[in-house]
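structure for the following, please:
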Amino acid sequence: MEGVIDAPMRARLTGIGGYSRCVTEFVRVTDVLLPERVFFRLCPELMADGCTPVGTPVYVQLLGSDEQALAVNAKRAVQLGAKGVDLNFGCPAKTVNNSMGGSILLREPARVANLVRAVRDAVPAEIPVTAKIRLGYENSDSLADIVHGVHEAGASELAIHARTKFDGYKPPAFWDIVKPVIDNRTQRKTVINGEIWTVEDSAEAMRRSACGHIMLGRGALSAPDLAQRIHEDNTQRQPIAWSKLIDEVLDQFLCSDRQSPRHIGNRTKQWLAYLKRTYPEAAQLFQRIRTLHNAADIEAAFMTHKRKDIRCSSNFTVG
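The predicted structure is shown next:
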């Protein structure tokens, strides 16, 4: 979730509850050992024992295709305090794939396994090494080989986004395709991801995929307390009220988005685009800030939204 789930957002979501760990935005690895400042910029939690403020471990996510470079950068991340290393073989972005990163590597199952093994061998045995994949690049024909190779290479866990690169993010997610490649030995080490928007979706995804765990991405942004409700297996409790969540959105703007002068408002607008799925009020706020790029104007729009939109939506007439 590059560009949205940064450190302030990780702190916010894990503070609400329900997460056992989270991963950073990807650290792009080419053929060099990256300076420490890169890791601290994308994972400031390294300066706080590698955890969010509530103690949730943060894994540093690496994206690349050079075995030696991935290995030495994984080693550096751990030396700086990372609680784990996550390898990204799922990114479908064209610019990433064109430079041999992300999901394009799924065309070569053996190469994926070798990259996992190189990182696994480079870091201490007690440090988890996880990986995320899609069903495949053009199709899922090689999924069994990819999954087998990743597990045999020593991955602690494997997350599977149940779509191919070519599927992008178009619904549905094909959870059923995952089930044939899962066995009793790997079930508890395999995580399902994709189109999990509700507590019911999480149960159905696990049942149909036979995976033992859930990973949330866009679902976490659309309903920030979804992980907590999944953890409680609570299908009856309604999502956190917008009147409470709006303060979280404003605080996120002040903590994160406002710190990027060239891109004021962009991350907040992205988050609102996801929140619209659960909260109609998010669409109202999005319209108020859509064309704004000045921090003071955006803050004023938040205040107007709280004063007018939320108040109006809470008023009703009994006839």
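
next one: the residue nearest to the spatial centre of the chain relative to Ala71, how far apart?
By CA atoms, centre = their mean, the chain has its centre lying nearest to Gly217, at 4.1 Å. Distance, Gly217 to Ala71, by CB to CB, to the nearest Å: 27 Å. In short, each C-beta sits where N, CA and C put it, glycine included.

which residues sit against stretch 173-185?
With contact meaning CB atoms under 8 Å, 6 or more residues apart in numbering, stretch 173-185 is reached by 135, 140, 143-144, 147-148, 160-163, 167, 190, 192-196, 204-205, 208-211.

cutoff 6 Å now
Residues outside stretch 173-185 that contact it (CB atoms under 6 Å, 6 or more residues apart in numbering) are 135, 140, 143-144, 147, 160, 162-163, 190, 194-195, 205, 208-210.

which pair of these spans the longest distance?
Ala144 and Glu195 (21.9 Å; CB to CB).

where does Leu87 fall, secondary structure wise?
Assigned by DSSP states H and E, Leu87 falls within strand 85-89.

and the gap between the nearest residue to Ile246 once chain neighbours are set aside and Val29?
Leaving aside its chain neighbours, Ile246 sits nearest to Lys306 (6.2 Å; criterion: CB to CB, 6 or more residues apart in numbering). Distance, Lys306 to Val29, using CB to CB: 43 Å.

the more surrounded of those two?
For the pair Lys306 and Val29, the greater number of neighbours falls to Val29 (23 against 16), based on other CB atoms under 10 Å.

chain neighbours aside, what residue packs nearest to the more buried one?
Excluding the flanking residues, the one nearest Val29 by CB to CB, 6+ apart is Gly64, at 3.3 Å.

what count of nearby residues applies to that neighbour?
Counted with other CB under 10 Å, the neighbours of Gly64 add up to 24.

pretty sure it contacts Leu70?
Yes. Counting by CB atoms under 6 Å, Gly64 touches Leu70, with 5.1 Å between them.

common neighbours of these two, please.
Residues touching both Gly64 and Leu70 comprise Val29, with contact defined as CB under 6 Å, 6+ apart.

can you pull the contacts of Leu158?
Residues near Leu158 by CB under 6 Å, 6+ apart: 131, 150, 190.

in helices only, show me these.
If you go by DSSP state H, those have Val150 in helices.

Val199 is in contact with Thr235, correct?
Yes. Contact criterion CB under 6 Å: Thr235 and Val199 qualify, at 4.8 Å.

where does Cys255 land on pLDDT?
Cys255 carries a pLDDT value of 87.

any idea where the helices of the chain begin and end?
Per DSSP H, the chain carries helices over the ranges 7-16, 36-42, 67-79, 94-98, 109-122, 143-152, 199-209, 218-222, 226-231, 242-255, 266-275, 280-289, 295-304, 310-314.

just the buried residues of the contacts of Leu158.
For the contacts of Leu158, a neighbour count by 16 or more other CB atoms under 10 Å gives the buried set as 131, 150, 190.

and the contacts of Leu158 as CSV, adding distance to Ala282 and pLDDT?
Putting these into CSV (distance: CB to CB, whole Å; pLDDT from 0 to 100) gives the following:
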residue, distance to Ala282, pLDDT
Ala131, 33, 98
Val150, 37, 98
Thr190, 33, 97
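
mind giving me CSV with the contacts of Leu158 and columns for distance to Val78?
Listed next are the contacts of Leu158 as CSV, based on distance: CB to CB, whole Å:
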residue, distance to Val78
Ala131, 16
Val150, 19
Thr190, 23
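
so which of the contacts of Leu158 is the closest to Val249?
Distances from Val249 to these, taken as CB to CB, are shortest for Ala131 (32.1 Å).

how many neighbours does Thr291 have?
Using other CB under 10 Å, Thr291 has 8 other residues around it.

against Thr235, how distant is it?
Counting by CB to CB - Thr291 and Thr235 are separated by 39 Å.

the helices of the chain: lowest mean pLDDT?
Across the helices of the chain, helix 310-314 has the smallest mean pLDDT, namely a mean of 65.

mind checking pLDDT for Asn315?
For Asn315, pLDDT reads 41.

I meant Pro261, not that one.
Note for Pro261: predicted pLDDT of 73.

swap in Ala125?
Confidence at Ala125, expressed as pLDDT, is 97.

now do Thr235
In this model, Thr235 is scored at 84, pLDDT.

what sits against it?
By CB under 6 Å, 6+ apart, the contact list for Thr235 reads Val199.

swap in 7 Å and give it another go.
By CB atoms under 7 Å, 6 or more residues apart in numbering, Thr235 lies in contact with 199-200.

same question, the one 5 residues further on
Residues counted as contacts of Ile240 (CB under 7 Å, 6+ apart) are 224-225.

relative to Leu272, how far out is it?
15 Å.

Gly212 now?
In terms of CB to CB, Gly212 sits 33 Å off from Leu272.

alright, that wraps it up for me.
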